[in-house]
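[1] Predicted model, plus sequence, below.
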Amino acid sequence: MTQLASITNNHLALKCEMCGHQSMIAVQHLIARLGRDISVHQVVPKLRCAGCGAKGKATFVITYVGASGTAMLGARQSGSGD
Ligand SMILES: [Zn+2]
């Protein structure tokens with residue numbers, strides 16, 4: 001189980017199984033809406049497809065956007081928030 005709080009610098013790449021619509025959503029955006037103590041597997045069923053309106057039909061991949069996000073994760077210091 002992956003909680004949003006552990007992947008704050010990532011995005012979710014979503015693909016709707018009903019219509020094939022693809023989208024990217026920032027994890028920080030999801031945290032702002034749903035809180036950081038929820039898991040990715042709890043979030044995805046809440047999402048509605050912007051293409052066909054189907055709810056909870058998306059598959060997802062946790063991804064990075066840009067090298068800066070990866071660098072920030074690598075540079076994270078222990079005791080800085082956990
Ligand atoms: Zn769709």
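    Arrived safely, thanks for sending. Here the structure is a predicted model, which means the values were calculated and not measured. Numbering: from 1, shown residues only.

[2] ok but Ala32 is inside a helix, no?
    Yes. Counting by DSSP: H, G, I helix; E, B strand; the rest coil, Ala32 is located in a helix.

[3] what's around Lys57, how many residues?
    As a burial measure, Lys57 scores 19 neighbours (other CB atoms under 10 Å). Every residue, glycine included, has its C-beta placed from N, CA and C.

[4] hmm, I was thinking of Thr2
    13.

[5] which residues does the residue lying closest to it once chain neighbours are set aside contact?
    Leaving aside its sequence neighbours, Thr2 sits nearest to Val40 (CB to CB, 6 or more residues apart in numbering; 4.8 Å). Going by CB atoms under 8 Å, 6 or more residues apart in numbering, Val40 touches 1-4, 7, 12, 60, 62.

[6] so what's Lys15 up against?
    Here Lys15 is in contact with 21-22, 58-60 (CB under 8 Å, 6+ apart).

[7] Next secondary structure element downstream of whatever helix or strand it lives in?
    Counting by DSSP states H and E, the element that carries Lys15 is strand 11-16. If you walk from strand 11-16 toward the C-terminus, the next helix or strand you reach (DSSP H and E) is strand 22-26.

[8] where do the helices sit along the chain?
    27-34, 40-43, 67-75 (DSSP state H).

[9] In the first one, which residues are buried?
    What that stands for is helix 27-34. 27, 30-31 (16 or more other CB atoms under 10 Å).

[10] on that earlier part again, worst average pLDDT in the helices of the chain?
    Ranked on mean pLDDT, the bottom entry among the helices of the chain is helix 67-75, at a mean of 50.
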